[in-house]
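Pasted the sequence and its predicted model underneath.
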Amino acid sequence: MKSTKLLREITDEEIQRYHEDGAVVLRQIMPHDWIDFMRDAVDEVLASPKGFGMDMQADGAPGRFFGDLYTYRWNDNFKELVFDSPLPEMIQKLFNSRRVNFFGDQLLVKEPNTPNKTPWHHDISYWPLKGEQIASVWMPLDKAVRESGTIAYIKGSHHYKNDYQAVTFSEKDVWNNAEDALPVPDFDAEPEKYEVLCWDVEPGDLLLHHANTFHSALGNMTKDMRRRAIALRYTGDDVTYAPTEYSFTEQPMFKSNVPEDNLQPGDPMGGALYPQVYPRL
Ligand SMILES: O=C(O)CCC(=O)C(=O)O
């Protein structure tokens, strides 16, 4: 039986940082029994990918940049993490929401010597969601530093008002975008204009970010540090289902893997694909 409580509560100061800055680091909050449990699961997924699991680096390129989505639908450890971990309760406090729904999980692994960067992007460009209470937990399963691919955030960018284009992480596909969406600003070209938040993290630490916060990661340039991380996405009371033809959930590959998305535009989140995780039903 794994921990049902976090190592400590999220603090008011951390909640304020999330709302003001768009991202925050929570030091030593995730119980380590969950980290060990998820490391085993991730190594199994890497050995036998299913569903959306795929290597995203170009064929023949060095290293391994592996991505998967909605792994909780077929892997029991991921399912337990989604439904039985203490994270939904923490997100309820973050949002001060009556209920919390789960939007999805994403596994992103950069093995040593993997030059693939995660490009600057913000998540809302890809998602069929409208609302303010949309957050991701980024859970490192290994120590992560800038050179191994910890996440960097543009402080305050969740307040930007425009729609921005979605960019692909994979060297194997392209992403279509609405014509009126702006290109993602070239944050690296004008570093003096932006404040970057970037934390080295240890297993047990969590990163939290708002769906509108721009973020990126370097490749894993180290020779021996694995970078395994799981992102978990949550929504609160104010979020409704708002797909466009560009949402990733509208793409043929998603539809063929995940048939039971039965929400109508404007519906509150819920149903089989976006289950309520707090309070538990
Ligand atoms: O793990 C990464 O490299 C990127 C993660 C990310 O973009 C996210 O969690 O939204």
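Yep, that arrived.

Could you check which residue of the stretch 151-281 of the chain lies nearest the ligand?
Proximity of the stretch 151-281 of the chain to the ligand (CB to the nearest ligand atom) peaks at Ala231, 3.4 Å away. Placement of C-beta: from N, CA and C, glycine included.

For that residue, give me the backbone phi and psi.
The phi/psi pair for Ala231 (degrees, to the nearest 10) reads phi -100, psi 140.

Show me the helices in the chain, by range?
Applying DSSP state H to the chain gives helices spanning 12-21, 32-47, 76-84, 87-95, 252-257.

how far does the last one sit from the chain's center?
Taking CA atoms, centre = their mean, to the nearest Å, one finds helix 252-257 lying 20 Å from the centre of the chain it belongs to.

Was I right to think the residue of the stretch 151-281 of the chain closest to the ligand contacts Met139?
Yes - at 7.4 Å, Ala231 and Met139 qualify as touching, with contact defined as CB atoms under 8 Å.

Looking at the two, which has the bigger crowd around it?
Met139 (24 against 18; other CB atoms under 10 Å).

ok, for the more buried one, nearest residue in space, not its chain neighbours?
Leaving aside its sequence neighbours, Met139 sits nearest to Ile230 (CB to CB, 6 or more residues apart in numbering; 4.8 Å).

Can you list the helices and strands that the longest strand that the chain contains packs against?
The residue-count maximum for a strand in the chain (DSSP state E) belongs to strand 100-110. Counting contacts by 3 or more CB pairs under 8 Å, 6 or more residues apart in numbering; DSSP states H and E, strand 100-110 is packed against helix 32-47, strand 65-69, helix 76-84, helix 87-95, strand 227-235, strand 276-278.

Swap in 10 Å and give it another go.
Contacts defined by 3 or more CB pairs under 10 Å, 6 or more residues apart in numbering; DSSP states H and E place strand 100-110 against helix 32-47, strand 65-69, helix 76-84, helix 87-95, strand 134-140, strand 227-235, strand 276-278.

quick one on the thing from earlier: just list whatever residues bridge to the residue nearest to Met139.
Leu107, Met139 (DSSP bridges).

Hmm, it is touching Asp68, no?
Yes - contact criterion CB atoms under 10 Å: Ile230 and Asp68 qualify, at 9.5 Å.

contacting residues for His122?
By CB atoms under 10 Å, 6 or more residues apart in numbering, His122 lies in contact with 22, 153-154, 157-158, 160, 164, 166, 184, 209-215.

burial count for the nearest residue to Thr4 once chain neighbours are set aside?
Distance criterion CB to CB, 6+ apart; nearest residue to Thr4, sequence neighbours excluded, is Pro86 at 6.1 Å. Other residues within reach of Pro86 by the criterion other CB under 10 Å amount to 18.
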